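Peer 1: Compute the structure for the input listed below.
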Amino acid sequence: MGKVGISFEQMKEDMLKDEEFKLEYEKLRPRYEAIAQIIAARKQQNMTQAELARRVGTQKSNISRLESGNYNPSLDFLSKVAESLGKSLNVQIK
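Peer 2: Numbering: from 1, shown residues only. Predicted coordinates for the structure are as follows:
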């Protein structure tokens, strides 16, 4: 159970001191950053998940699963989502 009165940022900072946790966190960071960008772009346009799904040509459940991190989308699917939001997909390998 979490500490009472501690902020999320402080809890995250404490957990990142654990090397095993930190490694897993870093592995997932790109995925959750992409998800955050999709959600922000959709909300900025006052668009529902259902509307985004209609524009992409998929079911609302796929958009919901994407935004919750429970879906491993293809690059083609992500490209369609980006285009439907008036954005472009940019993938970098560093």
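
Peer 1: Going by C-alpha atoms from here, please, whenever you check contacts or count neighbours.
Peer 2: Noted.

Peer 1: Quick check, pLDDT for Glu67.
Peer 2: With respect to pLDDT, Glu67 scores 96.

Peer 1: which residues sit in contact with it?
Peer 2: Taking CA atoms under 8 Å, 6 or more residues apart in numbering as the contact definition, Glu67 lies against 35-36, 38-39.

Peer 1: again, only using 7 Å
Peer 2: 35, 39 (CA atoms under 7 Å, 6 or more residues apart in numbering).

Peer 1: Which secondary structure element is home to it?
Peer 2: Assignment of secondary structure by DSSP states H and E places Glu67 within helix 60-68.

Peer 1: ok, now Ala40?
Peer 2: Per DSSP H and E, Ala40 falls inside helix 19-44.

Peer 1: between that helix and helix 60-68, what angle do the directions make?
Peer 2: 130 degrees (axes from the mean of the first three to the mean of the last three CA atoms, to 10 degrees).
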